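Got a predicted model here, sequence first, then my questions.
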Amino acid sequence: MELLLQYVGYGMSSVFFTAEGSLWLMPLFMVVIGVVIGILIGAMPGMSGPFAMAIALPVLISIFGYTNEALFPVLGCLIGIMKGATVGGAVPAILFNTPGTPDAFLTTLDGYPMAQKGQGRKAIQTAHFASVMGDNFSDLVLFIAAPMIAVAVERVLGLPEKSALIILSLCFMAAVVGDAPIKGLLGGLLGMFVSLIGSTMSGNGPRLTFGVPELGAGLPLTSAILGVLVLSEVLVAVEDMRNSRLKNAPPPQQPEMGPKLTWRERVTMMPGILRGACIGTAIGALPGIGTTTAATLSYDWAKRRSKTPEAFGKGTPDGVVATEASNSAVSGANLIPVMSLGIPGNFAAVFIILAVESIGDFAFGPQVFRFTPITEIPGFDTIMNRDLVMAFGLFTMMVMANFVNWTAGGMLMGLMGHLVRIPKDLMIPVILTVSLTAAYVQDGGYLGLLTACAFALIGYALRRLNISILPFVIGFLLAPTLEGLVRGAFTASGGDPYFLLKSPIALVMLAVSLFLLFRMVRQAREKGTLS
Amino acid sequence: MTGTPVDNEAAPERGGFWNLWLGVGTLVFALVSVTLWFPQDIGSGFLKKSLTGQTVPGDAFFPVLLMALMVPLAVMLVFTHFRSRSGSSGEPVGDIGLGNLAFLLRAMLLVGLALLAMNWTGPALVWCTNAAGLTELSGYRAVSGTFPFDVSGFFVGGTLLTCGFIHTTRHTLRLRDVVIAAVSTAALILVFDVLLINVQLPPNADF
């Protein structure tokens, strides 16, 4: 316990003080900036937190560089954006029936009718209160669960088991994301394959480069992700707007805001918030299952448990509480597999991992939570697990972001209504230029820009063929880890071709993967029959 | 990432063959990769002997495993296509039609034109100022770090790119749109070129 508290102390102080001991408020400043940007972005229809994180990452790296010192300001800003966007998305959903982010889609069901009844202010404050409470709850679960899972994984799982775990995660993700699981898994394998271009594991020169020397150092990671996630979405949005040929609707009028939410009403919401937060946290901890599933389950649960189920959909605060508490609880819980296993479960987590991989020498995974005894060697240095200090620093910044969301978030949300007036058909082309510029700047030339364009085409094809992009991106990110684990397990087994099947735990994980695969085929056949 | 479902009006009629094409395409890709591409483009084989005589994986080990995993999935995709009842085509799938390809071609042309403008504007400005007797520069490289030459290409190319895509979405381009495109590009210059150090806007990192 004493060791844990020591590490917590080191983690907290590492956010506010430099290695030399001088006060350093840049991480705190970047958290505030991130939350404000997140709320702004969340309140703009068509934008989302991961979208802003994708564009912000290259800019932040340009500002702070690649050293360990850059990690806290960059991650602080990204975490702030992630948390702010979940809160901000509710504003246009409530006032104008237009969800700012996909997370807030179900908030329109009761938030908009509340606003129409002259309770706009109450609906926004309900959404803010439930959202921040749900987020805080899932962060608490993260702080407790991530170290425990990581310690268990380190004790129980060896190289074959860790390899099997990644395979299982990818199969699970392909099975639950989208309607086309076989193609989703194929996309995941393709993502893994593409990430091998230009890499080598045995020192025999870069592979799969077609002799192009520029590919010898591998594909630029950030540009590739920027292309497949942001640029492809921009292309699809531009094409849809072009094809819809709709005239711009007149700017919507903001309804009467009405009375404030009282503290008594807040207290009565607590059971609903707790229920929604539990559902969101449980869903968020599983890789691949998104906020919409959590919000749908929570809304459905709240409606069935309610004494007045007929009020749902007609403007009851309970509906807003159910959706906002659960979809916000997903964001913290999504970091449980990231921090404990190094496996991202959603797009926001992808950018957190991308930042960590691009900057310094810190890496997520079970090794982070090794509680190495802290030994001070006089006149030299203190021996400790620096990664663990970094992890507790990250937790500290999440608490800071929650505090900013509690205070400034509430004030900002009331002012965000007018952002819905920004025309999407002007904003999307500007985002395209910003994204291409970010790709060029991040990777120092046309290689980054062309990589982003090539991956935009891959992402466009995947989106148009209704193949989920998440397995592709996760496969792309996890391939180096999986290859290292598989090679290590094979070598350690003495070249045994059945190296993955010798461990009972790995065998069970692979059997579950096969079961998921079997279910995928059945699902595919059933869906194909129904379609 | 907005999570909005992708509407593709042509999907129900034409999407059917995509499962078959994707399955067969993956099988062909795996076959060509393992038999032709990997032997030519990977330095070490599937397995190799280490200096201590131990059998260790070569650089082709993991790519071949990936291909081996792709093959059964591709077979399943083809299988679900043929085993599904008439009127359906197996796993749900969207479609990429000629309209989509025409749009992509247009988008690539726009990006290409904007990049050409970015590349040529700086040297053209140098040529103009030299011709007007205002400067005596050897070429763009000599002033690729000097205002306004360094940002001229990005300003023109970025504005052109934004305007091109605004025209694509709106089917029209108003003066106000051009001003918004120019101001947003100028804002990018302010952020990347003025506020940040050690950052080069297009095309300066390639000159």
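Structure received. Numbers count the residues shown, from 1 in each chain, chains lettered A, B, ... in the order given.

So which bits of stretch A:455-472 are buried?
A:455-472 (16 or more other Cβ atoms under 10 Å in any protein chain shown). Every residue, glycine included, has its C-beta placed from N, CA and C.

contacting residues for residue A:488?
residue A:159 (Cβ atoms under 8 Å, 6 or more residues apart in numbering or on different chains).

Angles on the backbone of it, please.
phi -60, psi -40 (degrees, to the nearest 10).

helices or strands up against the longest helix along chain A?
When chain A is parsed with DSSP state H, its longest helix is helix A:120-156. Helix A:120-156 is packed against helix A:71-88, helix A:90-96, helix A:107-116, helix A:263-284, helix A:317-333, helix A:335-341, helix A:386-404, helix A:410-413, with contacts defined by 3 or more Cβ pairs under 8 Å, 6 or more residues apart in numbering or on different chains; DSSP states H and E.

Please compute how far the last one lies from its chain's middle.
On the basis of Cα atoms, centre = their mean, to the nearest Å, helix A:410-413 is displaced by 23 Å from the centre of the chain it belongs to.

swap in the first one?
On the basis of Cα atoms, centre = their mean, helix A:71-88 sits 10 Å off its chain's mean C-alpha point.

Which elements pack onto it?
Against helix A:71-88 (3+ Cβ pairs under 8 Å, 6+ apart) you get helix A:2-16, helix A:26-42, helix A:49-64, helix A:120-156, helix A:317-333, helix A:347-358, helix A:386-404, helix A:410-413.

what's the neighbour count on residue 28?
The chain I'm using is chain A. Neighbourhood size, residue A:28 [other Cβ atoms under 10 Å in any protein chain shown]: 20.

hm, I was asking about chain B
Neighbours of residue B:28 (other Cβ under 10 Å): 11.

Who are the packing partners of whichever strand or helix holds it?
When elements are assigned from DSSP states H and E, residue B:28 belongs to helix B:16-32. Applying 3+ Cβ pairs under 8 Å, 6+ apart, we find helix B:16-32 packed against helix A:181-195, helix B:61-83.

Tell me if the helix or strand following the longest one is near chain A.
Put plainly, it is helix B:61-83. Sequence-wise, the next helix or strand downstream of helix B:61-83 (DSSP H and E) is helix B:98-131. Yes. Under the criterion of Cβ under 8 Å from any Cβ of the partner chain, helix B:98-131 makes contact with chain A via B:99, B:100, B:103, B:104, B:107, B:108, B:111, B:115.

circling back to that earlier point, go through the helices and strands packed on helix B:16-32 and name the closest to residue B:171.
Nearest of the helices and strands packed on helix B:16-32 to residue B:171, taken as Cβ to Cβ: helix A:181-195 at 33.4 Å.

Can you dump the C-alpha atoms of the helix or strand just after that closest one in PDB for me?
Once helix A:181-195 ends, the next helix or strand along the chain (criterion: DSSP H and E) is helix A:221-225. Once non-C-alpha atoms are left out, helix A:221-225 reads as follows in PDB (Å, rounded to 0.1, in the frame of the first residue of the first chain):
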ATOM      1  CA  LEU A 221       1.800   5.900 -38.900                       C
ATOM      2  CA  THR A 222      -0.100   9.100 -38.100                       C
ATOM      3  CA  SER A 223      -0.600  10.000 -41.700                       C
ATOM      4  CA  ALA A 224      -1.900   6.500 -42.400                       C
ATOM      5  CA  ILE A 225      -4.400   6.700 -39.500                       C
END
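
Return the residues in contact with the residue nearest to the spatial centre of chain B.
Most central in chain B under Cα atoms, centre = their mean is residue B:108, positioned 8.8 Å from the mean C-alpha point. By Cβ under 8 Å, 6+ apart, residue B:108 lies in contact with residue A:453.

can the residues of helix B:98-131 next to chain A go into a markdown table with extra columns for distance to residue A:108 and pLDDT?
Shown next, in a markdown table, are the residues of helix B:98-131 next to chain A (distance: Cβ to Cβ, whole Å; pLDDT from 0 to 100):
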| residue | distance to residue A:108 | pLDDT |
| --- | --- | --- |
| B:99 | 31 | 93 |
| B:100 | 30 | 95 |
| B:103 | 30 | 96 |
| B:104 | 33 | 96 |
| B:107 | 32 | 96 |
| B:108 | 37 | 96 |
| B:111 | 35 | 96 |
| B:115 | 40 | 95 |
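
Which member of these is positioned nearest residue A:179?
In terms of Cβ to Cβ, no member of those lies closer to residue A:179 than residue B:100, at 19.4 Å.

What is the burial count for that closest one?
Using other Cβ under 10 Å, residue B:100 is surrounded by 20 other residues.

ok, now how distant is it from residue A:452?
20 Å (Cβ to Cβ, to the nearest Å).

how much space is there between the residue most central in space within chain A and residue A:269?
Central residue of chain A (Cα atoms, centre = their mean): residue A:348, 2.1 Å from the mean position. Remark: distance between residue A:348 and residue A:269 (Cβ to Cβ) = 26 Å.

The buried residues of stretch A:455-472 also near chain B: which ones?
Within those, those near chain B by Cβ under 8 Å from any Cβ are A:457, A:460, A:461, A:463, A:464, A:465, A:466, A:467.

Show me what the helix holding residue B:28 is in contact with.
Here helix B:16-32 makes contact (Cβ under 8 Å, 6+ apart) with A:183, A:186, A:465, B:67, B:70-71, B:73-78, B:80-81, B:88-91, B:93-96.

Just the buried residues from these, in ChimeraX please.
Buried residues among the contacts of helix B:16-32 (16+ other Cβ under 10 Å), as a ChimeraX selection:
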select /A:183,186,465 /B:67,70,73,74,76,77,78,80,81,88,89,90,91,93,94,95,96
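
Tell me, how many residues neighbour residue A:216?
Residue A:216: 15 neighbours (other Cβ under 10 Å).
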